[in-house]
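Enquirer: The following comprises the amino acid sequence and a computationally predicted model.
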Amino acid sequence: MASGNAPLTGEMLIGATPVTGGGESLRAVNPATGEALDPVFGGATAADVERACALADAALIPYRETSLADRAAFLETIADNILKLDDALIERVMAESGLPRPRVEGERGRTVGQLRLFAELVRSGTWLDARIAPAQPDRKPLPRVDLRLRNIAIGPVAVFGASNFPLAFSVAGGDTASALAAGCPVVVRAHPAHPGTSALIGGAIRDAVAACGLHEGVFSLLQGPGNAIGQALVNDPRIKAVGFTGSRAGGLALMATAAARHQPIPVYAEMSSVNPVLLFPGALAERGAAIGEAFAAAVQLGAGQFCTNPGVILALDGPGVDAFIAGARAKLAESGAQTMLTAGIHAAYERQVGVFAGHSAVATLVRGGAPSGPHQAQAALFETDADSFLADPRLQEETFGPCSVLVRVPDMTMLRGIITAMEGQLTIALHLADADLPAARALLPVLEEKAGRVLVNGFGTGVEVSPAMVHGGPFPATSDGGSTSVGTLAIRRFLRPVCYQDMPQALLPDALRDGSTVPHDFVN
Ligand SMILES: NC(=O)C1=CN([C@@H]2O[C@H](COP(=O)(O)OP(=O)(O)OC[C@H]3O[C@@H](n4cnc5c(N)ncnc54)[C@H](OP(=O)(O)O)[C@@H]3O)[C@@H](O)[C@H]2O)C=CC1
Ligand SMILES: O=C(O)CCC(=O)C(=O)O
């Protein structure tokens, strides 16, 4: 296990202990070259999973009662340690993901910024949602009992690292940051595509646990290929919640496992979304070509491997649609193919693009530049009509990669019908001119029903980490439309309220004692 800038060893982390897993092993593969990367990582066995969960359970009570200041300092130490990994981290991410340096450096900034934002939140104490309703012994006709409420950590959390954000949605990504902020020990199941990146970040967290004097079970990192590791983790009775970003099939499988446990637990899975982009007539007439060019950039961001990727364009039919297509066509045609994250993701992309290309009701508008190396995705824009789109659910499914289908929609009634028929989404984007506002206003309640975030004159890619962000949405965008995986509200997934009734001051947690300086609602 790497510590600081020490070389990678192929070990995982069971608490503070580096362990070479005795299960099936794996090596990362550079998707840009096909080269297998050293070292070999030993895979976690059932006994490794068991030990990590036992340690997490042992760490729960001491960790969840750390002071706000100490827990915030821990999150900041993780951020500092990640930065200390310096270029060794950036190069390993690039080698394991095929992502370009500026993207990886940006993602590191987002990861570190996210940890610091959660540190600020922890320090504020607002997330405790403390409420004090003191006793009213003289209340008539009945006296009122003394009631005090605070949130506590839900318990050890299993986090599945995502393939498409090796830093911001992985070992120290949003799920881990929000769970640690809530006071939950975390057991991470590293994504098999980037074991080296995961080990480097895992070392940074382990070093922070030690430097902050915390129980070693606050963090463990499991490596290896295959479903068995994740299944064992979600099945372990000591795990009390799950954070996941990945495929719909994977998310559904974990939800089923969690629901079938003796004690079912919540799975916060972010799965699939096509993020409809609605083009209104006024905006199309005013700047159709420019919107088309901006779309071409958005759909290719990160080789389209974003769950916020604009996968469906619903264009209200009119002359401006052709201007949009011309703008998109010009930009897409001149773009190069991009390396995808893994051979499997590339093969899935080719399969799904093949469904569009071979569909009798679909026309190919443009393909991007041809591949010049292994696992490269060629961008694609298709077109179909509204009736065909509604009739075939395959056209409404997520294509993970730089691909989108434009649907010509005859009128607002049909647009409303299509949105109503579609599944839940992370984002819906509207392109509007002033003249479109009345129509957009009338549609907004339907859009709110369907998406976690509705945005205007932009695209959903590039989620801002903010207290006001919702990165979630109705199923299947996520398994739980009542939450977010990005932004400070994400902490709520890993909290549970406890009420203390008629509890003597000496037994109350500090935040709920008389004179508490932690922000709280006082109920007269
Ligand atoms: N919408 C989105 O945000 C994203 C969608 N995807 C989609 O997922 C496809 C595959 O990408 P990938 O990132 O590997 O996603 P997967 O869902 O296949 O895998 C994500 C993680 O979950 C584990 N896992 C998957 N299925 C199970 C299961 N049944 N039981 C236990 N663990 C499981 C995987 O490990 P292992 O496979 O070793 O079991 C891995 O650690 C992409 O082609 C794309 O379509 C991917 C990333 C993001
Ligand atoms: O668009 C982004 O910045 C985040 C996208 C995302 O959450 C994902 O692809 O998993």
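Expert: Sure thing, it's come through. Residues are numbered from 1 along each chain as shown. Ligands and ions are numbered 1, 2, ... in the order given.
Enquirer: tell me which residues in the helix or strand harbouring residue 284 are buried?
Expert: For residue 284, the host element (DSSP states H and E) is helix 281-300. For helix 281-300, the neighbour count (16 or more other C-beta atoms under 10 Å) marks 281-284, 286-289, 291-296, 298-300 as buried. Any C-beta I mention is one placed from the backbone N, CA and C, and that applies to glycine too.
Enquirer: where along the chain do the helices fall?
Expert: 46-64, 68-84, 86-97, 101-124, 174-182, 195-211, 227-235, 248-260, 281-300, 319-333, 343-357, 386-391, 412-421, 437-450 (DSSP state H).
Enquirer: which parts of the stretch 151-300 of the chain sit against ligand 1?
Expert: 160, 162-164, 189, 191-192, 225-227, 230-231, 245-247, 250, 253-254, 270-272 (C-beta under 6 Å from any ligand atom).
Enquirer: Check the residues you listed one by one and keep those near ligand 2.
Expert: Among these, the residues within reach of ligand 2 (C-beta under 6 Å from any ligand atom) are 162, 164, 245.
Enquirer: So among the residues you listed, which ones count as buried?
Expert: 162, 164, 245.
Enquirer: thinking again about what came up before, derive a ChimeraX selection command for the buried subset of the residues of the stretch 151-300 of the chain next to ligand 1.
Expert: Per 16+ other C-beta under 10 Å, the buried members of those correspond to this ChimeraX selection:
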select :160,162,163,164,189,191,192,225,230,231,245,246,247,250,253,254,270,271,272
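Enquirer: Tell me which of the residues of the stretch 151-300 of the chain next to ligand 1 fall in strands.
Expert: Residues of those located in strands (DSSP state E): 160, 189, 245, 270.
Enquirer: Surely residue 345 is in contact with residue 304?
Expert: No: checked against C-beta atoms under 8 Å, the pair residue 345 and residue 304 is beyond contact range at 10.3 Å.
Enquirer: what is in contact with these two at once?
Expert: Common neighbours of residue 345 and residue 304, using C-beta atoms under 8 Å, 6 or more residues apart in numbering, are 400, 401.
Enquirer: Give me the distance between residue 428 and residue 276.
Expert: Relative to residue 276, residue 428 is positioned 5 Å away (C-beta to C-beta, to the nearest Å).
Enquirer: More neighbours: these two, which one.
Expert: residue 428 (28 against 25; other C-beta atoms under 10 Å).
Enquirer: Could I get the pLDDT score of residue 524?
Expert: For residue 524, the pLDDT comes out at 89.
Enquirer: Enumerate every residue touching residue 242.
Expert: Contacts here follow C-beta under 8 Å, 6+ apart; on that basis residue 242 touches 157, 158, 159, 160, 234, 254, 258, 265, 266, 267, 268, 269.
Enquirer: just these now: which is nearest ligand 1?
Expert: residue 160 (4.7 Å; C-beta to the nearest ligand atom).
Enquirer: The closest one and residue 244 touch, don't they?
Expert: Yes: between residue 160 and residue 244 a contact is recorded at 4.4 Å, counting by C-beta under 8 Å.
Enquirer: list residues touching both of those two?
Expert: 175, 250, 254.
Enquirer: Where does the prediction get shaky in the stretch 1-150 of the chain?
Expert: Low-confidence segments of the stretch 1-150 of the chain, defined by pLDDT under 70, are located at 1-6.
Enquirer: Closest residue of it to ligand 2?
Expert: For the stretch 1-150 of the chain, C-beta to the nearest ligand atom, closest residue to ligand 2: residue 110, 7.9 Å.
Enquirer: hang on, the earlier thing: as CSV, the ones in strands among the residues of the stretch 151-300 of the chain next to ligand 1 with pLDDT would be great.
Expert: Listed next are these as CSV, based on pLDDT from 0 to 100:
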residue, pLDDT
160, 98
189, 98
245, 98
270, 97
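Enquirer: and which of these is nearest to residue 14?
Expert: residue 189 (13.0 Å; C-beta to C-beta).
Enquirer: Show me what the closest one bridges to in the sheet.
Expert: Counting by DSSP bridges, residue 189 is bridged to residue 160, residue 222.
Enquirer: surely it meets residue 157?
Expert: No: Residue 189 is not in contact with residue 157 according to C-beta under 8 Å; the separation is 11.3 Å.
Enquirer: Of residue 345 and residue 304, which one has the most company?
Expert: Set residue 345 next to residue 304 and count neighbours by other C-beta under 10 Å: residue 304 wins out with 25 against 21.
Enquirer: Next up, the contacts around the closest residue to residue 23 other than its chain neighbours.
Expert: Distances taken as C-beta to C-beta, 6 or more residues apart in numbering place residue 43 nearest to residue 23, at 3.4 Å, with adjacent residues excluded. By C-beta under 8 Å, 6+ apart, the residues touching residue 43 are 21, 22, 23, 24, 25, 26, 223, 224, 225, 226, 229.
Enquirer: Can you check the pLDDT for the residue of the stretch 351-500 of the chain at minimum distance from ligand 2?
Expert: Proximity of the stretch 351-500 of the chain to ligand 2 (C-beta to the nearest ligand atom) peaks at residue 463, 3.8 Å away. Note on residue 463: pLDDT of 95.
Enquirer: what's the burial count for it?
Expert: Neighbours of residue 463 using other C-beta under 10 Å come to 24.
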